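Chemist: Generate coordinates for the sequence data below:
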Amino acid sequence: MMPKTCIDKLWDLAAAEVQSRESDAGEDADGRGEAVGERTVFLMGSKAGGKTSLLLRCLDSRDEPAKPTLALEYTFGRRATGHNTPKDIAHLWELGGGTSLSDLVQIPITAASIRSLSIILVLDLSAPSTLWATMETLLQVAQTHVEQAASQARQVDKKRAQSKQSATAPFAARVLPMDFPDRELISPFPVPLLIIGSKYDLFQELASDKRKVVCKTLRFVAHYYAASLLFSSIKSESLVSKTKSFFSHLAFNADTGKTMSCDSSKPLIIPVGSDSFSQIGSPPTTEIDITSLHAKNPKDLWKKVYERIFPPENTSEKKEEKDPAKDPQYSEPQIDAMRAQKDQELEEYKKNAAKSWKGLQLDT
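Modeler: Below is the predicted model:
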């Protein structure tokens, strides 16, 4: 039998090796360490912007029809990392409804998921007038909840440290490499972020000068938040393939490849850290007097210039024309029958209340 002192030394060596591997785990351009067994990817973006279709293609579910996402939906993906090794798991959340259901971001963004969370923002390139408002609203809401979840995660780590409980993965804030372009001028999103411009096939129908405005603006936004930027279309197999590689990087830490394109006449493919403000240039202000915009900062200037060229639509989400409760694909006979009964009772109540109100008015 092996002496107890030898066993203790072996355990000490094993613990030191684990700590060494954790501390040596390098950070990629996203500012996050090496792969973990489980990750969370949260998709949000433009209403009817093609999020579900892209997600199904990324999961190789080509034959599954894409249905409208009513609120918040969950699925998962698995990927083998090697022979006889446990599969990595990606928890996948998708927010429907554009900005109208943004409060639901608190469900996938938690103190538990924040340690391995990535966000994909899908923006509909065929609707440029709604693009900035959608981007700004969703990123602000998501960032607020990410910061709250990060604070909660730090508190949990602190309590574990005080009680000497081991934490499998202490929370670490996103840190960019020291040589990241314009590191002191940007405001990195607190978790890895991928911005996808969807429906590139329809986007090509816009005038070339307007396409340039959208491209330059999204390049600025992506670089400002230290995000990757990718244009995609489910009608292009090459773009779907590139989308899958970026998705797999966030979900399973796969390599994205070295393809890059900043040409506004072609689909943009810009990995995080590959762009810079000097390459992007200034906002397209040929016919706009910048001094009249009264911008508070560079991001505000880009917003005002963009909205001069693409006046925003009403920011309040349009009411759904189709009531999901009456959609046959979501039918539940017992619930529907009870709902119909309650609707009838409500109408009777309204009629009686109206009669009572009229009676009171006559009496006065």
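Chemist: I'd like to know how many residues surround residue 292.
Modeler: Neighbour count for residue 292, taken as other CB atoms under 10 Å: 9. C-betas here are computed from N, CA, C, even on glycine.
Chemist: if I look at residue 116, how far off is residue 39?
Modeler: 4 Å (CB to CB, to the nearest Å).
Chemist: Now do stretch 233-249: everything it contacts.
Modeler: 41, 50, 53-54, 57-58, 79, 120, 194, 196, 198-201, 228, 230-232, 254-257, 259, 267, 269, 271 (CB atoms under 8 Å, 6 or more residues apart in numbering).
Chemist: Repeat that for stretch 258-272.
Modeler: With CB under 8 Å, 6+ apart, stretch 258-272 has contacts from 29-30, 192, 197, 200, 208, 211-212, 215-216, 218-219, 222, 226-233, 236, 239, 242, 246, 256, 274-275, 279.
Chemist: could you flag which of these are buried?
Modeler: 29-30, 192, 197, 200, 211, 215-216, 218-219, 222, 226-233, 239, 242, 246, 256, 274-275 (16 or more other CB atoms under 10 Å).
Chemist: Which of those fall in strands?
Modeler: Members of those lying in strands (criterion: DSSP state E): 197, 228-231.
Chemist: just these now: which is nearest residue 110?
Modeler: residue 228 (23.7 Å; CB to CB).
Chemist: Contact partners for the closest one?
Modeler: With CB under 8 Å, 6+ apart, residue 228 has these contacts: 193-195, 222, 246, 256, 270-272.
Chemist: Now with 10 Å, please.
Modeler: When contacts are counted by CB atoms under 10 Å, 6 or more residues apart in numbering, residue 228 touches 29-30, 120, 192-196, 222, 246, 249-250, 256, 269-275.
Chemist: re the thing from before, any common contacting residues for residue 116 and residue 39?
Modeler: Common contacts of residue 116 and residue 39, defined by CB under 10 Å, 6+ apart, comprise 32, 90-91, 192, 250, 253.
Chemist: Show me the helices in the stretch 201-350 of the chain, by range?
Modeler: Secondary structure of the stretch 201-350 of the chain (DSSP state H, counting those that start in this stretch): helices at 208-224, 237-252, 277-280, 298-309, 333-363.
Chemist: In TSV: these, plus distance to residue 137 and mean pLDDT.
Modeler: Listed next are these as TSV, based on distance: least, CB to CB, whole Å; pLDDT from 0 to 100:
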stretch	distance to residue 137	mean pLDDT
helix 208-224	13	96
helix 237-252	22	95
helix 277-280	23	97
helix 298-309	12	93
helix 333-363	31	74
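Chemist: which stretch among those comes nearest residue 105?
Modeler: With CB to CB as the measure, helix 237-252 is the member of the helices of the stretch 201-350 of the chain nearest residue 105 (16.7 Å).
Chemist: how far is that closest one from where the chain is centred?
Modeler: In this view, helix 237-252 has its centroid 15 Å away from the chain centroid, taken as CA atoms, centre = their mean, to the nearest Å.
Chemist: buried ones in that helix?
Modeler: For helix 237-252, by 16+ other CB under 10 Å, it's 239-240, 242-252.
Chemist: Could you point out which of the helices of the stretch 201-350 of the chain sits nearest residue 147?
Modeler: Nearest of the helices of the stretch 201-350 of the chain (CB to CB): helix 208-224, 17.3 Å.
Chemist: any idea how far the closest one is from the chain center?
Modeler: For helix 208-224, the separation from the chain centroid amounts to 19 Å (computed by CA atoms, centre = their mean).
Chemist: Now do it: which elements does it pack against?
Modeler: Here helix 208-224 touches strand 117-124, helix 128-162, strand 193-198, helix 200-203, strand 228-231, strand 269-270, helix 277-280, helix 298-309, going by 3 or more CB pairs under 10 Å, 6 or more residues apart in numbering; DSSP states H and E.
Chemist: would TSV of these with distance to residue 186 be doable?
Modeler: TSV is the format used below for the helices and strands packed on helix 208-224 (distance: least, CB to CB, whole Å):
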stretch	distance to residue 186
strand 117-124	16
helix 128-162	14
strand 193-198	12
helix 200-203	26
strand 228-231	14
strand 269-270	14
helix 277-280	8
helix 298-309	10
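Chemist: give me every residue that touches residue 106.
Modeler: Contact analysis of residue 106 by CB under 10 Å, 6+ apart lists 141-142, 144-145, 148-149.
Chemist: quick check, nearest of the buried residues of helix 237-252 to residue 134?
Modeler: Closest to residue 134 out of the buried residues of helix 237-252 is residue 243 (18.9 Å), distances taken as CB to CB.
Chemist: How about residues contacting stretch 64-74?
Modeler: Against stretch 64-74 from outside (CB under 10 Å, 6+ apart): 42-44, 47-48, 50-57, 91-97, 100-101, 104-105, 107-108, 234, 320, 322, 324, 327, 329-330.
Chemist: Name the residues of it that are buried.
Modeler: For stretch 64-74, the neighbour count (16+ other CB under 10 Å) marks 69, 72-73 as buried.
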